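Engineer: Sequence and predicted structure are below.
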Amino acid sequence: MSQINTAVHEPLLRVVKRSESTMKQKVLVRAAAILLALIVDALFIFFITGLNPIAVYTTMFQGTFSTAMRFSWALRDLASLLLIGVALAPAFKMRFWNTGAEGQVLVGALATAAVMVYYGGKVPNWLLYSAMLIASILAGALWGFIPAWFKAHFNTNETLFTLMMNYVAIQIVACFVNIWRGQASGLGKLNMKSKAGWFPQFFGQRYNINLLVVVLLVVLMYCYLRYSKQGYEIAVVGESENTARYAGINVGKVIIRTMIISGALCGLTGFLIVGGRDQTISTGTAGGNGFTAIIVAWLSKFNTFTMALISFLLIFLDKGAMEIASAYALNDFASDIIAGIILFFILGSEFFINYKLIVRGIHKEVR
Amino acid sequence: MLTPQETDRLFAVLKNMRADGKSIIIITHKLHEVLSISDRVSILRKGEYAGTVDTDMATESSLTELMVGKKVELNIECPEPVNRHLRLNVHNLSVTNAEGVRVLDSISFEAFSGEILGIAGISGNGQKELLEAIAGLQHVDAGSSVVYYPDDDRDSTAEQLIGKTPKDIRDMGVHLSFVPEDRLGMGLVGSMSMVDNMMLKSYTSGHSPFADRKAPRHLAEEIKDSLGVVTPSINTPVSRLSGGNVQKVLVGREIADAPSVLMTAYAVRGLDIHTSYTIYHLLNEQKQKGVAIIYVGEDLDVLVDLCDRILVLCDGKNNGIVEGRKTSKEELGLLMTSLQENHGGTDR
Amino acid sequence: MDTLIAWVSRAIPFGTIIMYGALGEILTQKSGNLNLGVPGIMYLGGFAGFASAYLYENTAANPNTVFCIVLALCCAFAASVIGGMIYSFLTITLRANQNVTGLALTTFGMGVANFFGVYILDGRTATQTMIYKAFQTRVPVLSGLGIPGQLLFGYGFMVYAAIALAIVLHIFLNRTRSGLNLRAVGENPATADAAGINVTRYKYLATCIGAGISGLGGLYYVLDYNQGIWATTGQIEALGWLAVALVIFTTWKPLSAIWGSYLFGVLYWLYQFLPALLGFSVPGYVTDLIQMVPYVVTIAVLIITSLRKKREDQPPASLGLAYFREER
């Protein structure tokens, strides 16, 4: 055969799926992503405000770490975000897009507040706390159950169903807040005098109980997903419903059961926020954490310990941005921008974990 | 896939094109087709060019040697069934799909232990629905019946499988193994390791709320060694394995369950010739252990060589059951494409 | 009767906001991309439109109204397209998860709009640009023709532009070759790729132009519906989610978005006009409950479409999935 030199058109960059990436690669890629994001954020800060980004970052750092009190506040907010992330983990592992955490937290909070309003001071404390706990869990579970039931029976799109349930919850909360405040302009703290239903002080703060619960749940949820039979079922259903049916798993049952768990834990978060942190309720009680937690759950690949890290990073940014806001007369929406940019980079970095680029001309790369 | 008759017609067309001076590249895994149509054959092996030979000089075994890299025995055995008795009695099985089309129409047949029953037919003629209906994964029409006979064909111990879920069937103690067509979409979970895939049908065993991973790990090691699964580790996600190794994992798991009925759908589709023969060998091994095997295939040569009896599906209907030892692929091809007047499961 | 007229003339502008959002998202989703960043994009569009009009008004010696309108439209469209490009790059090129990227974009868009918004507000709680008067200019002559004139022609030009856009989009998707190609990409990118369609290009274009259209909804909200007032409220976010819901409501049909969005508008204003129409007043807390009606209706529609399982009502088959040629 004659050798004809044919110019093969090879693209400059070619994308190839990685066969496997090591732990070291994964950590390096993510660290690089965060570093790059911080550089982009620094450029943003510099060009918009003309401030020295390093000084700004130092100030940001102080938002969380300057005093013990600040650190404790950061942990308090971390607890709320992380709890919702943990609550979402089983649903997302099942690839059930529960965008309704915000609403599930709200109804849990509402149930708690209702018990406080109507039974506060009228029944013994232990009974009051139990009633608050149970009511919040039931309410959250119900909010999770409704879309799950329709998903299981009619395959109704859960992303939008749960999203809409948020607004239904918001309006119900608005309605009750309206009733309870009466003629007053705001609701204020519930049971201000009797403090009935308020969590007791624990190491000097009421919200330290929340921290305790979140640590416990992080471990429990990790074990549930990793080692239990139900956790295995969730994983199979999430990967392929056909395989699940083939294996004899009752897919509908698993969907409903998992969403009841997810909703119940969101409801529990509502209980902890009202009892341990706010002692009141408003339509902003969940504070957007229901949405942020989705990103947390997804990025951590449902590993609850990784969730703790990512939640801390986001809370740190949030606190830092507030600190910059007060120190440099900026506004704390900067935190949304900074967090957004970091999230974009982390999301984009996944690509470099799953794929690799081959540049034209460099052949036989070691895999 | 084409029937022998259609293949002949296609080849006639290709030969005319060659006579017109066109150059033709044909890619096929059927060696006798390569030998009958081509002038030269190039062989690829694991993505690398293994050589080009003139067809006149080539034989099936010489081509196989180039494809696999070593000599391969190309005979499929078909031992006479021993201790043959009724295992499954499928009667009047019909399936209507979501669009209202009757994809299976009153199928009746019997499957016996120690026997391989082939299912032939152009793909999409009800094969998938047939196996899934038996496995409890399909909604069937009223009047359908699949009766399972545990040890002998007495009616007293028989069990009706229709209306049961796969879990019900398992709980009844029926070891029904099923190698589905869609390996990573139904038979296995691609993102899970071999170990976790071994658990797929057995994870419920025991009363603990936690899943046992010791036994599955042991089983995974065993399958890896005995079937020669090429994988970095039993903890590697199975989607990272090659098609042949994925199928070994799936077949290995299904056989490890000591089945009494083994159903396979396109068990060798896309596999290299060496792995294909490993699978045929495994099926024959199971047959001799007294398993009733239902083998859905598309390669008519293999069906004729491997199966004791072959049921031909055409348009969702049973278009006749023929003896594997007496039939020819031309007869099968004819049954696959033209519906017989008197369809309804008459043994020929 | 007056109440009814007032109701409709509030409902149609409200519907127009989410009609833009939904039309853009229909185009995006037809390419197989589920962009949950619509609220963020509407924020970007709304803010860019407002800021450009505000700055032009306050710097130019003799502000030209037409130029100001065009400027605002272009800036809103461009800012939203940038949002769409971020989303496209992450989900199409880098194959990041669409839902999560969309949510991050919503956070980002809200952040950007409100962050810069604070500079313009400069300590005030709200600030206004006068260009809203031009946006709200009714159709001359026709709007004066009694009640029908008021109901049909009593709105700014963007209301009619939205209807025209819906029709154009309908024709594009159903009557042109590019529209057919786009739908093929959304249904089955592998097949489309094999047929020689440039999947990446179609996805990028549909997503970015879709984002641009959605962003106009934000612009319309600020410069017409809200009378040119910019304030740091979360209002646009809820509107963005309603726009996403409207896409499902219309079962991905641009023409249905016209009446669907007006219906949403009617439902949204139900709490104010229905009691008045029936001649009684309701306490504030009941109003809160009535305000959930649009969301409950959306849920009902979701359930009904899933029950009917009609083929033409289903989402594009590859919606939400990234496409990688080598994974076919």
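Structural biologist: That came through fine.
Engineer: does chain C sit close to stretch A:87-103?
Structural biologist: Yes. For stretch A:87-103 and chain C, the contact criterion (CB under 8 Å from any CB of the partner chain) is met by A:Trp97, A:Thr99. Backbone N, C-alpha and C define where each C-beta goes, glycine included.
Engineer: Same question for that stretch: list its buried residues.
Structural biologist: Across stretch A:87-103, burial judged by 16 or more other CB atoms under 10 Å in any protein chain shown covers A:87-94, A:96-103.
Engineer: wait, is C:Gly212 part of a helix?
Structural biologist: Yes. Under DSSP: H, G, I helix; E, B strand; the rest coil, C:Gly212 falls within a helix.
Engineer: Surely it and C:Gly24 touch.
Structural biologist: Yes. Counting by CB atoms under 8 Å, C:Gly212 does reach C:Gly24; the two are 6.8 Å apart.
Engineer: Which one's more surrounded, these two?
Structural biologist: The residue with more neighbours, out of C:Gly212 and C:Gly24, is C:Gly24; 33 against 23, by other CB atoms under 10 Å in any protein chain shown.
Engineer: Am I right that B:Glu110 falls within a helix?
Structural biologist: No. Per three-state DSSP, B:Glu110 lies outside any helix segment and is strand.
Engineer: check contacts around it.
Structural biologist: Contacts for B:Glu110 (CB atoms under 8 Å, 6 or more residues apart in numbering or on different chains) come out as B:Leu86, B:Leu88, B:Asn89, B:Val90.
Engineer: re the thing from before, need the overlap of contacts for C:Gly212 and C:Gly24.
Structural biologist: C:Ser80.
Engineer: which among the buried residues of stretch A:87-103 gets closest to chain C?
Structural biologist: Chain C lies nearest to A:Trp97 out of the buried residues of stretch A:87-103, by CB to the nearest CB, at 6.0 Å.
Engineer: Contacts only, for that closest one.
Structural biologist: A:Ala91, A:Glu158, A:Thr159, A:Thr162, C:Asn99.
Engineer: Run the chain-centre distance for whichever strand or helix holds C:Ala257.
Structural biologist: Element membership of C:Ala257 [criterion: DSSP states H and E] is helix C:254-268. Distance of helix C:254-268 from the chain centroid (CA atoms, centre = their mean, to the nearest Å) equals 12 Å.
Engineer: same for it, what does it pack against?
Structural biologist: helix C:2-30, helix C:157-175, helix C:235-249, helix C:293-308 (3 or more CB pairs under 8 Å, 6 or more residues apart in numbering or on different chains; DSSP states H and E).
Engineer: Next, the angle from the second one to helix C:2-30.
Structural biologist: Comparing the axes of helix C:157-175 and helix C:2-30 via axes from the mean of the first three to the mean of the last three CA atoms, to 10 degrees yields an angle of 40 degrees.
Engineer: Tell me where chain C is predicted with low confidence.
Structural biologist: Applying pLDDT under 70 to chain C picks out residues C:326-328.
Engineer: and the next element down the chain from the helix holding C:Ala257?
Structural biologist: helix C:270-278.
Engineer: Toward the C-terminus from that following helix, list the very next helix or strand.
Structural biologist: helix C:284-290.
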